[in-house]
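Novice: Quick one, what's the 3D model for this:
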Amino acid sequence: MTKSIFTNRGNDTWIAEIACAIVFCIFTFAYLFFYQADLLTMEQHVLSDGLTKYNRTIGAVIITAILLLLQQGVDAATKRTIKMPALTYFPPAMLLAMLTDISPSIDHGYSIGKWAWLAPLLLTAWGVAAYVSARHKDSDSPKQKTIVQTIWENILTMAALYIFIGATANTDRVFHERMKMEVMVAEGKYKDALNVKTSKADKDSTITMLRAYALAREGKMGERLFEYRVYGGSEALLPNGTTVKSLLLPKYEIFRFVAKPAVEKMGVTQYLKWMKKHRYAKKPLRDYLLCAYLMDRKIDLFVKELVDDKETEFEKLPKHYREALILYNHIRSNPMVSYHNDIMDTDYTDMQNILRSVTNKKEAMSMAGKSYGNTYWYYYFSGK
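Specialist: Predicted coordinates:
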């Protein structure tokens, strides 16, 4: 009878096996529950056409359990001949990376993408490593390893697998922030959505749309919109299916909140004016239209809209609208309406002094942003 070139790993690796299993379960559950839950929620919603909903707790438990069973299957299939237990976690680790490598364009159809060539290549490399490990005999080593050495070797290998997952899965910070916000908005948690931290350097029109919608739901659009990073002009206020789109929140829900879905494709400002003219406008439309003018820096149209509205109470206007009126009265020699506020006039003058005191515009805006970065004036003069 031919003697097998492979030998089972010894019983002295059982502590390393338990350590790997514990580390894998903790990492996988935490990774799915805390980091990828929002993307998985969106992925399941899109792929099921909204028929099913992902639950972050149940989903994380089930996926972790399935991946652990896959590892057990790999270990059983190789008859426990792979001497390093951590190597048996590569197939489930790769599957986890594939599962969470979610494209922002998934709404156009699921694509396996880079995994079409990367998965076979990696599995081949893993197969070679597993073969070498399986052929290794403890008697070939001049010095026996201690249990601590064995554990550390396996833990470091597991750490390399985590780095691999992080390098190949979707770790796009802006996309994660957007989906976190969208999940909260879809669940009606508007205050939580507004508290999602985003970088002021981010240029994402969809985040602007989601934030504007959450603010409008809270009745604070004219009060707080320009306290955040606003990008994309008025076209960022409503979804257009391309540069501004919601993957989880139905776009018709946003349009119905403002007025009703448009039959023909048109720009945001045109849509808002058309809905108002034909009396389809709902209460939030007024703020949407006023903010649309402000986002496009059409200050005269903004003021005209206020003046034409007989119900406008200038002293009770939200903060950004009053800031815009102060700006308007300072840059127009013959304004349609005269508006002044001692505190705001003083602040506006102070900001102008800062801008004039520094020759470099970028440095000037940076200095002004420290005190007035949450005002409409800053948005207007920054040109962003």
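
Novice: what pLDDT, on average, does stretch 233-249 get?
Specialist: Averaging pLDDT along stretch 233-249 gives 92.

Novice: Name the residues of stretch 93-102 that are buried.
Specialist: 93-94, 96-102 (16 or more other CB atoms under 10 Å). In this view, the C-beta of every residue, glycine as well, is placed from N, C-alpha and C.

Novice: Residue ranges in the protein under the pLDDT threshold?
Specialist: For the chain, residues meeting the criterion pLDDT under 70 lie at 1-12, 136-145, 200-201, 384.

Novice: picking that back up, possible to save the buried residues of stretch 93-102 as JSON lines with distance to M365 and secondary structure?
Specialist: Formatted as JSON lines, those follow (distance: CB to CB, whole Å; DSSP: H, G, I helix; E, B strand; the rest coil):
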{"residue": "A93", "distance to M365": "46", "secondary structure": "helix"}
{"residue": "M94", "distance to M365": "46", "secondary structure": "helix"}
{"residue": "L96", "distance to M365": "44", "secondary structure": "helix"}
{"residue": "A97", "distance to M365": "41", "secondary structure": "helix"}
{"residue": "M98", "distance to M365": "43", "secondary structure": "helix"}
{"residue": "L99", "distance to M365": "43", "secondary structure": "helix"}
{"residue": "T100", "distance to M365": "38", "secondary structure": "coil"}
{"residue": "D101", "distance to M365": "38", "secondary structure": "coil"}
{"residue": "I102", "distance to M365": "36", "secondary structure": "coil"}
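
Novice: Could you dump those residues into JSON lines and include distance to F302?
Specialist: Listed next are those as JSON lines, based on distance: CB to CB, whole Å:
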{"residue": "A93", "distance to F302": "54"}
{"residue": "M94", "distance to F302": "54"}
{"residue": "L96", "distance to F302": "50"}
{"residue": "A97", "distance to F302": "49"}
{"residue": "M98", "distance to F302": "49"}
{"residue": "L99", "distance to F302": "47"}
{"residue": "T100", "distance to F302": "44"}
{"residue": "D101", "distance to F302": "44"}
{"residue": "I102", "distance to F302": "39"}
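
Novice: quick one: which of those is nearest to L210?
Specialist: I102 (17.9 Å; CB to CB).

Novice: Specify the local secondary structure of the closest residue to R173 other than its chain neighbours.
Specialist: Residue nearest to R173 in three dimensions, not counting chain neighbours: S199, with 7.8 Å by CB to CB, 6 or more residues apart in numbering. Using DSSP: H, G, I helix; E, B strand; the rest coil, the three-state assignment for S199 comes out as coil.

Novice: measure S199 to F257 for me?
Specialist: Distance, S199 to F257, by CB to CB, to the nearest Å: 28 Å.

Novice: So those two - more neighbours on which side?
Specialist: A count of neighbours by other CB atoms under 10 Å puts F257 above the other of S199 and F257, at 16 against 11.

Novice: That one: what's it in contact with?
Specialist: Shown in contact with F257 (CB atoms under 8 Å, 6 or more residues apart in numbering): 213, 216-217, 282, 284.

Novice: By neighbour count, which of those wins?
Specialist: Y213 (27 neighbours).

Novice: G188 is in contact with that residue, correct?
Specialist: No: using CB atoms under 8 Å, Y213 is not in contact with G188, being 11.4 Å away.

Novice: Now L70. Nearest residue, chain neighbours left out?
Specialist: P92 (4.5 Å).

Novice: What is the three-state secondary structure of that neighbour?
Specialist: Going by three-state DSSP: P92 is helix.

Novice: and if you look at K79?
Specialist: coil.

Novice: What separation do you get for it and T157?
Specialist: For K79, the distance to T157 - CB to CB - is 20 Å.

Novice: Who has more neighbours out of the two?
Specialist: T157 (17 against 13).

Novice: From what I see, the more buried one and I82 are in contact.
Specialist: No: here T157 does not reach I82: they are 11.3 Å apart, not a contact under CB under 8 Å.

Novice: on that earlier part again, okay, among the contacts of F257, which ones form the most distant pair?
Specialist: The span of these, defined through CB to CB, is set by Y213 and K282 at 13.2 Å.

Novice: What ranges does the stretch 51-200 of the chain have for its helices?
Specialist: 56-77, 90-99, 115-135, 147-168, 173-186, 190-194 (DSSP state H, counting those that start in this stretch).

Novice: Save the ones you listed as a markdown table, and put in distance to D350 too.
Specialist: Listed next are the helices of the stretch 51-200 of the chain as a markdown table, based on distance: least, CB to CB, whole Å:
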| stretch | distance to D350 |
| --- | --- |
| helix 56-77 | 47 |
| helix 90-99 | 52 |
| helix 115-135 | 56 |
| helix 147-168 | 46 |
| helix 173-186 | 33 |
| helix 190-194 | 28 |
